[in-house]
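K.L.:
let's see this in three dimensions:
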Amino acid sequence: MNQVSSRLGALVCVLLLAAGGAWVQAEDGREEIIQRMLRIVLDNNPTLASQQTLLRESEKLPELRTGVVVTGMSLSLATGFWDPDTRSFRLFPAATLGTNLSIGDPARALNAYALKKEREGARQEYRKIKNSLVADLLATVREILKLAGRRESLEKLKTYLQDYSDLIEKQVRAGVAPPEVDKLWDLKERLLGIEAEVGDVENQLDTMQLEAALRLAGDSWQELLELLTRLGGK
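P.N.:
As a prediction, this is how the structure comes out:
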């Protein structure tokens, strides 16, 4: 029995070491894959591209200027009046300057305000759509990694149980251990359940990856799907 325990312990250690190495390798390439996916989405998403076109068109429109305009000017250099005491007309030097000012056309000012508001609205909507796409992709990535991690755990458990079942069968055939039919049956039943769980996780991954690629990448969905699949560990 001690020999069996030592073999099982060694098997678990080997599995953990192999999993650790695979995890480090995955971490090395994961950031690059995510960066590539972000570029694909931001360069090819049709909703973002449409909003970007609207933004560019609004920025091409000329500025409508408003302000104060000088519409007239007057100048006088002298003035005079009749003095009844001296019974004479007197002139006094003077200089005055007058200007007429008018505010720009109210309708033109309103149009300028509307244009400025439209441009700012287009910029805000573009940023909103862009941020939403990034959040959508990263949320999908998190779910894919979570499912991939669950599948990996199930596959490790499946391997462990399968090896354990094979070991018991060999011991029974060799006469080292007494027949344990119920235990072997429970192991086989559990293995079938784990296989079904692995299949369900893989179906969830396939569906999620395809939906995300079609939703986010427009005509480049196949390129995004390939990266999402790689991220999921296939």
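K.L.:
residues in contact with V41?
P.N.:
L133, V134, L137, L216, A217, L224 (CB atoms under 8 Å, 6 or more residues apart in numbering). Using the backbone N, CA and C atoms, a C-beta is placed for each residue, glycine as well.
K.L.:
taking the residues you listed one by one, which sit in strands?
P.N.:
Among the contacts of V41, no residue falls in strands (DSSP state E).
K.L.:
dump these to CSV, plus distance to M208 and neighbour count.
P.N.:
What follows is those, written out as CSV (distance: CB to CB, whole Å; neighbours: other CB atoms under 10 Å):
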residue, distance to M208, neighbour count
L133, 16, 19
V134, 17, 14
L137, 12, 23
L216, 12, 26
A217, 14, 25
L224, 12, 23
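K.L.:
what is the neighbour count of I168?
P.N.:
The tally of other residues near I168 (other CB atoms under 10 Å) stands at 18.
K.L.:
so that it lines up with my notes, have the first residue be 29 from now on.
P.N.:
Yep, numbering from 29; the last one is I196 now.
K.L.:
touching, it and D210? I think so.
P.N.:
No. Shown here, I196 and D210 do not form a contact pair, counting by CB atoms under 8 Å, at 11.6 Å.
K.L.:
so which elements touch the helix or strand containing Y154?
P.N.:
Assigned by DSSP states H and E, Y154 falls within helix 134-202. Judged by 3 or more CB pairs under 8 Å, 6 or more residues apart in numbering; DSSP states H and E, helix 134-202 is in contact with helix 30-72, helix 74-88, helix 209-244, helix 249-259.
K.L.:
give me whichever of those helices is most buried.
P.N.:
Mean neighbour counts were taken over the helices and strands packed on helix 134-202 using mean count of other CB atoms under 10 Å, and the top value, a mean of 18, falls to helix 249-259.
K.L.:
any idea of the angle that helix forms with helix 134-202?
P.N.:
Per axes from the mean of the first three to the mean of the last three CA atoms, to 10 degrees, the angle that helix 249-259 makes with helix 134-202 is 40 degrees.
K.L.:
ok, back up a step: the helices and strands packed on helix 134-202: which one's closest to K156?
P.N.:
Closest approach to K156 among the helices and strands packed on helix 134-202 (CB to CB): helix 74-88, 8.8 Å.
K.L.:
so which residues lie in contact with that closest one, not counting its own?
P.N.:
Contacts for helix 74-88 (CB under 8 Å, 6+ apart): L70, L143, E146, R147, A150, R151, E153, Y154, I157, K158, L161, G246.
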